[in-house]
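# Just to be clear, the model below is a prediction. Sequence and coordinates:
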Amino acid sequence: MLEVLGDFEVVGEAADGRAAIQIVEKLDPDIVIMDVSMPLLNGLEATRQIKQRKCGAKVLALLSDSQTDILYQLLAAGAAGCILKDADAAELVRAIAEIHRGNTYLSPSLSQTMVWDYLHLARTGQRKNYEDPLSAREREVLQLIAEGYSNQEIAGMLYLSVKTVEAHKAHIMEKLHLRGRIELLKYALKKGLISLDD
């Protein structure tokens, strides 16, 4: 679609966040269109890692209405723009053009969310808490647990011992005040780490 709509060349495509990082390092694209709901490593974490590696690629994040609570985290991670997944083709092209010019782009409804948050702060003097209490490794472990991988499988994927994975899981449950796997799955769904479509 992008190649038909504008002066774009699609140089790569990835099925999960880990593959996205590898492709960006190998191909050094100008812009990465990153789905926030990626398996194995979500788009937020993949964006963080791409920007930490000092890649020149600018990231345009795609998120759903239910994922707007991570908007600030995406921008803090280095995303140059965020649009909703249901945006039309013209908006996608506009977002890519703005980001390529060095600007930031937010879908109008996401801009509105930021304005509402600012007005809330101005009225109440309280900032909404969008901070994630988990470390990067804990977020990876959380996503893999939510995707149904066993402790042994997670240990193999992340090159950790099973005891380390179990320790991360205990820390996650403690930090998030969760009791049991069902609450953990609900949290992962709410945060967009997994979806019912997976």
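Noted; the coordinates are in hand.
# Going by residue numbers, what spans are helices in this protein?
Assigned helices in the chain, in chain order: 2-5, 17-27, 43-52, 71-77, 89-100, 108-124, 136-146, 151-158, 162-176, 181-190 (criterion: DSSP state H).
# CA atoms only for the shortest one - export them in PDB, please.
The C-alpha trace of helix 2-5 is given here as PDB (Å, rounded to 0.1, in the frame of the first residue of the first chain):
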ATOM      1  CA  LEU A   2       2.800   2.400   0.900                       C
ATOM      2  CA  GLU A   3       4.700   1.900  -2.300                       C
ATOM      3  CA  VAL A   4       1.400   2.600  -4.300                       C
ATOM      4  CA  LEU A   5       0.500   5.600  -2.300                       C
END
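# who does it touch, helix- and strand-wise?
Contact partners of helix 2-5 among helices and strands, from 3 or more Cβ pairs under 8 Å, 6 or more residues apart in numbering; DSSP states H and E: helix 89-100. Quick note: C-beta positions are derived from backbone N, CA and C, even for glycine.
# one step back: so which of the helices of the chain gets nearest Ile83?
Minimum separation from Ile83 across the helices of the chain (Cβ to Cβ) falls at helix 89-100, 5.1 Å.
# which helices and strands sit right next to that closest one?
Against helix 89-100 (3+ Cβ pairs under 8 Å, 6+ apart) you get helix 2-5, strand 31-35, strand 58-63, strand 81-84, strand 105-106.
# Can you mark which positions in stretch 80-92 are buried?
Neighbour counts over stretch 80-92 (16 or more other Cβ atoms under 10 Å) mark Ala80, Gly81, Cys82, Ile83, Leu84, Ala87, Leu92 as buried.
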